[in-house]
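Participant: show me how the following folds:
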Amino acid sequence: MRSRSIYKSPAEMRAMLEPGRITAAALSAVRDAIRPGVTTLELDAIAEGVIRDAGAEPNFALEPGYRHTICASVNDDVVHGIPTDRPLEAGDILSIDCGALFEGWNGDAAFTVVLPDDGQESRVRSRSRLSAVTEGSLWAGIAALASAKHLGAVGEAIEAAVDARGQYGIVEGYAGHGIGRAMHEEPSVFNYAVRGRGAAIKPGLVVAIEPMVTAGSSDTVVRDDEWTVATSDGSDAAHWEHSVAVHAHGVWVLTAPDGGRAGLAPFGVVPTPLA
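Facilitator: The predicted model follows:
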């Protein structure tokens, strides 16, 4: 059987604009609802409503054994956290991952937020810095995607961005990925330097870049629910993600409302809309 190319046609990339937009809208609605006392199950319902109202499906719920729209990872949970009825508390650091399937094409993105806590300002500052470091490394990786020849440069850029900000751990057991007809496709997009150059970066490549960074050890464990990935030392974690298309005229961040203009501006990169 002939293997499917990892590179997409211009028409296929344009078909990914809408699932990217819907994913971004769902995450924006969830972000607006986050406050102490809200449960992650309530946030899950908000995301599902936005996605279904747009005529799309929550693609996380299509994964075998998973039945929710979002992954909600709190404090020392890194990724794949299952929504629960536990009310969020002031000072929590929360990562939300979400995706939408629309007319056979997928979107996938994530953000991290720290809930305000006037009584624990030092903890909030530390957690907010962790989130900012992780988000900054995501944009460094996307900026590298805009100019590099091979995917290995993306991981190198992410690692360098994290290392420049202090002593943080980069989770190594999980990585970004290609995205398209399936939510998880080849190639892998590592968040650190690896041997080998990786796949060629050229028009038609669409990938989800998603650094996962910890305040302590990079080692992780999977909780008893067989989904939630947590830090082995109990340290805080953050997760940021965007789906990005490389086309003939540049890059476009499919899951950012502005295509990535604000995030890429510090790197001197101007994203170009898909024609």
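
Participant: sheet-wise, list the partners of the helix or strand hosting D97 with their directions.
Facilitator: Element membership for D97, per DSSP states H and E: strand 93-102. Note on strand 93-102: by DSSP bridges, its sheet partners are strand 57-58 (antiparallel), strand 70-74 (antiparallel), strand 105-114 (antiparallel).

Participant: ok, how many other residues are close to the nearest residue to G155 once chain neighbours are set aside?
Facilitator: Nearest residue to G155, sequence neighbours excluded (C-beta to C-beta, 6 or more residues apart in numbering): F190, at 4.0 Å. The way it works is simple: take the backbone N, C-alpha and C, and place the C-beta from them, glycine included. For F190, the neighbour count with other C-beta atoms under 10 Å is 24.

Participant: what's the answer for E156, then?
Facilitator: Number of residues near E156 (other C-beta under 10 Å) recorded here: 19.

Participant: contacting residues around it?
Facilitator: For E156, the contact set (C-beta atoms under 8 Å, 6 or more residues apart in numbering) comprises 144, 192-193.

Participant: and it, that one's in a helix?
Facilitator: Yes: under DSSP: H, G, I helix; E, B strand; the rest coil, E156 sits within a helix.

Participant: show me the contacts for the residue nearest to A237 when sequence neighbours are not counted.
Facilitator: Nearest residue to A237, sequence neighbours excluded (C-beta to C-beta, 6+ apart): V78, at 4.1 Å. V78 sits next to 95, 171, 174, 212, 214, 220, 229-231, 237, 239 when contact means C-beta under 8 Å, 6+ apart.

Participant: go again using 10 Å as the cut-off
Facilitator: The neighbours of V78, taking C-beta atoms under 10 Å, 6 or more residues apart in numbering as the test, are 95, 169, 171, 173-174, 212-214, 218, 220-221, 228-231, 235-239.

Participant: work out for me the element it sits within.
Facilitator: Under the assignment here (DSSP H and E), V78 is part of strand 77-79.

Participant: next: R127.
Facilitator: Using DSSP H and E, R127 sits in helix 121-147.

Participant: give me the buried positions along that helix.
Facilitator: Residues 123-124, 127-131, 133-146 are the ones in helix 121-147 that count as buried (16 or more other C-beta atoms under 10 Å).

Participant: returning to that earlier point: strands - which of the contacts of V78 land there?
Facilitator: Using DSSP state E, 95, 169, 212-214, 220-221, 229-231, 237-239 are the members of these that sit in strands.

Participant: need those in CSV with neighbour count, can you?
Facilitator: Shown next, in CSV, are the ones in strands among the contacts of V78 (neighbours: other C-beta atoms under 10 Å):
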residue, neighbour count
S95, 27
G169, 20
M212, 30
V213, 29
T214, 24
T220, 23
V221, 13
V229, 21
A230, 22
T231, 23
A237, 32
A238, 30
H239, 29
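
Participant: who does the nearest residue to G173 once chain neighbours are set aside bridge with?
Facilitator: Nearest residue to G173 in three dimensions, chain neighbours excluded: T220, at 5.9 Å (C-beta to C-beta, 6+ apart). Assessed by DSSP bridges, T220 has beta-bridge partners T231.

Participant: can you pull the contacts of T220?
Facilitator: 76-79, 169, 171-174, 212, 214, 228-233, 237.

Participant: and A164, what does it touch?
Facilitator: 133, 136-137, 140.
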